[in-house]
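Undergrad: okay, here's the prediction I keep looking at, along with the sequence it came from:
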Amino acid sequence: MEGKNPDAATLDSSKHLFNETSHSPSLTDLVGYEKSKDIIDFCFISNPYYPTPEMLDLMKENFVNLLKSYPSSNPILGQKYLAELFQLKPENLIVGNGATELIVAMNATLIERIAVPVPTFGEYIEKLRQQRDAELYFLKAEDNYRLDLDDYIGWVRSRGLTSLLIINPGNPTGQLHSLDSMFEFLKRAKDMELIVVDESFIDFAGEAVPSLLPVAKHFSNLLLVRSMSKHCGVPGLRLGYCYSENLYVLNRMRRFIPTWNVNSFAQYFLSLLASTDAAYHEGRIRLINDVRWLYDRLIELKGISVYPTGANFILFKVNGGMTALELQTRLLKEHRMYVRDCSNKIGMDKYHIRVASQGHEKDSQLVKALKELLG
């Protein structure tokens with residue numbers, strides 16, 4: 001690979017950033033904007049095939065106007081763009097400044113106590129009003145961190161809880177529950193007051209997307225959450241949305257959503273979704289195939305144990321003594337590749353790495369580097 005490796009002193013001076021968040025520091029935080037351009041970011045979960053080049057050109061052409069314009073103060077407009085795309089009623093949607101804004105609003109207005117399987121996406125725990133408001137259901141390492149839905153609902157009821165979370169596919173595990181199994185779970189859990197299902201990675205679970213959106217109307221206790229950063233590849237725009245058939249739930253959340261929470265660039269991007277939907281799905285299928293190729297190559301490597309995935313990322317455990325942090329550091333310093341060390345996730349040990357597919361060409365470079373480092 002061309003270019004210079006990150007300066008070791010720069011990286012060493014940034015090590016404290018890994019201990020200050022349950023997320024991974026961005027590359028720009030670690031090495032600066034210029035040096036980050038020369039590093040392949042396998043830590044960030046994204047879609048390398050979307051937005052399309054034509055969409056990016058439109059964003060560039062409208063840059064000054066968007067920069068100088070206020071976004072709409074009427075949230076229904078952004079909701080209508082998504083409603084058109086998914087054939088839903090706009091009033092059953094909330095568009096957020098990333099899924100994290102919606103998680104904060106949910107935690108502030110709906111949650112008193114909630115069951116959370118761990119390891120998980122940290123915001124669902126950290127943004128609660130009190131950390132003790134989460135009842136943690138620890139997934140077992142010896143069971144490959146698999147969430148057994150039958151055991152989970154039994155545990156939830158035994159704890160006297162009426163709210164629960166499921167991330168499907170799981171983050172960071174990639175574990176996928178089929179649409180049928182999720183539908184059956186929701187039928188069994190109708191006694192729950194609130195079931196939060198995060199489907200931020202569901203678009204990469206198969207050629208036919210096994211989302212609950214088409215059947216969500218049958219479950220008034222269901223709140224679906226999705227991050228558009230992940231499946232649309234636009235983390236800088238900060239877009240996410242949630243859907244529920246329960247308007248009482250949504251209206252309580254809306255009280256905590258500020259006016260102009262979605263910026264002008266993000267609103268313009270939403271307006272392009274319907275006309276580019278075919279291109280989006282073409283790229284989605286392409287990425288699914290990339291992940292399958294990467295998975296097949298990773299399971300051939302010595303020194304790691306690879307978990308099955310239904311997402312656009314893959315979790316593996318480093319065997320033989322090297323920690324995830326050590327492997328992450330060597331990949332960054334020696335190969336200019338950034339991967340996710342999962343050791344700061346509650347319920348996970350210090351030997352797990354998550355890698356997100358960045359397209360076949362870059363994925364093949366990762367496989368080559370891992371083969372070299374793992375022996």
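TA: In hand now; what should we look at? Treat the numbers as computed from the prediction; the structure is a model and nothing was measured.

Undergrad: hang on, residue 311 packs against residue 176?
TA: Yes - with contact defined as C-beta atoms under 8 Å, residue 311 counts as touching residue 176 (7.3 Å). In short, each C-beta sits where N, CA and C put it, glycine included.

Undergrad: mutual contacts of the two, please.
TA: 169-170, 205 (C-beta atoms under 8 Å, 6 or more residues apart in numbering).

Undergrad: between those residues, identify the one with the most neighbours.
TA: residue 170 (26 neighbours; other C-beta atoms under 10 Å).

Undergrad: so who does that residue touch?
TA: Taking C-beta under 8 Å, 6+ apart as the test, what residue 170 contacts is 117, 120, 145, 147, 176, 311.

Undergrad: how about the second one, nearest residue that isn't a chain neighbour?
TA: If the residues on either side of it in the chain are set aside, residue 120 comes closest to residue 167, at 6.0 Å by C-beta to C-beta, 6 or more residues apart in numbering.

Undergrad: tell me the phi and psi of the one you found?
TA: phi -110, psi 120 (degrees, to the nearest 10).

Undergrad: tell me, how many residues neighbour it?
TA: Residue 167 has 25 nearby residues by other C-beta under 10 Å.

Undergrad: gap between it and residue 283?
TA: Note on residue 167: its distance to residue 283, by C-beta to C-beta, to the nearest Å, is 23 Å.

Undergrad: before we move on, what about residue 197?
TA: 24 Å.

Undergrad: between these two, tell me which one has more neighbours.
TA: A side-by-side neighbour count of residue 197 and residue 283, using other C-beta under 10 Å, places residue 197 first with 24 against 20.

Undergrad: look up how far residue 70 lies from that one.
TA: 34 Å.

Undergrad: thought residue 75 was touching residue 95?
TA: Yes - between residue 75 and residue 95 a contact is recorded at 6.5 Å, counting by C-beta under 8 Å.

Undergrad: what do those two both touch?
TA: residue 262.

Undergrad: which of the two has more residues huddled nearby?
TA: Taking neighbours as other C-beta under 10 Å, residue 75 and residue 95 compare with residue 95 leading, 26 against 20.

Undergrad: can you report phi and psi for the more buried one?
TA: phi -100, psi 130.

Undergrad: now do residue 276
TA: Torsion angles, degrees, to the nearest 10, at residue 276: phi -110, psi 20.

Undergrad: kindly report the same for residue 337.
TA: phi -130, psi 140.

Undergrad: quick one: contacts for it?
TA: 39-40, 42, 331, 365-366, 369.

Undergrad: run a quick neighbour tally on residue 93.
TA: Quick note: residue 93 (other C-beta under 10 Å) scores 22 neighbours.

Undergrad: from what I see, it and residue 84 are in contact.
TA: No - between residue 93 and residue 84 there is no contact under C-beta under 8 Å: 10.9 Å.

Undergrad: show me where the protein has strands.
TA: 40-41, 93-96, 114-118, 134-138, 163-167, 194-198, 222-227, 240-243, 304-306, 313-318, 337-338, 340-341, 352-356 (DSSP state E).

Undergrad: of all those strands, which one is nearest residue 262?
TA: Closest approach to residue 262 among the strands of the chain (C-beta to C-beta): strand 93-96, 5.6 Å.

Undergrad: for the closest one, which outside residues touch it?
TA: For strand 93-96, using C-beta under 8 Å, 6+ apart, the contacting residues are 75, 78-79, 82-83, 102, 105, 239-243, 250, 253-254, 257, 261-262, 270.

Undergrad: put the buried members of those residues into a PyMOL selection.
TA: Only the buried entries of these go into this PyMOL selection, using 16 or more other C-beta atoms under 10 Å:
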select buried, resi 75+78+79+82+83+102+105+239+240+241+242+243+250+253+257+261+262+270
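
Undergrad: from the contacts of strand 93-96, which land in helices?
TA: 78-79, 82-83, 102, 105, 250, 253-254, 270 (DSSP state H).

Undergrad: rebuild these as CSV, extending it with pLDDT and distance to residue 181.
TA: Shown next, in CSV, are the ones in helices among the contacts of strand 93-96 (pLDDT from 0 to 100; distance: C-beta to C-beta, whole Å):
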residue, pLDDT, distance to residue 181
78, 92, 32
79, 96, 30
82, 95, 26
83, 95, 27
102, 96, 25
105, 94, 29
250, 97, 26
253, 96, 27
254, 95, 32
270, 97, 31
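
Undergrad: now those residues in a markdown table, with distance to residue 306?
TA: Below are these laid out as a markdown table (distance: C-beta to C-beta, whole Å):
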| residue | distance to residue 306 |
| --- | --- |
| 78 | 39 |
| 79 | 39 |
| 82 | 35 |
| 83 | 39 |
| 102 | 32 |
| 105 | 36 |
| 250 | 39 |
| 253 | 38 |
| 254 | 42 |
| 270 | 36 |
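
Undergrad: which one of those residues is nearest residue 347?
TA: Looking across the ones in helices among the contacts of strand 93-96 and measuring by C-beta to C-beta, the closest to residue 347 is residue 102, at 23.4 Å.

Undergrad: what about the closest one, distance to residue 190?
TA: Counting by C-beta to C-beta, the gap from residue 102 to residue 190 is 23 Å.

Undergrad: likewise for residue 88?
TA: For residue 88, the distance to residue 190 - C-beta to C-beta - is 22 Å.

Undergrad: higher neighbour count, the two?
TA: residue 88 (18 against 12).

Undergrad: doesn't residue 213 make contact with the more buried one?
TA: Yes - between residue 88 and residue 213 there is a contact at 7.2 Å, judged by C-beta under 8 Å.

Undergrad: quick check: neighbours shared by these two?
TA: residue 243.

Undergrad: sorry, back to before: please check the contacts of residue 337 and keep the buried ones.
TA: 39-40, 42, 331, 365-366, 369.

Undergrad: thank you, goodbye.
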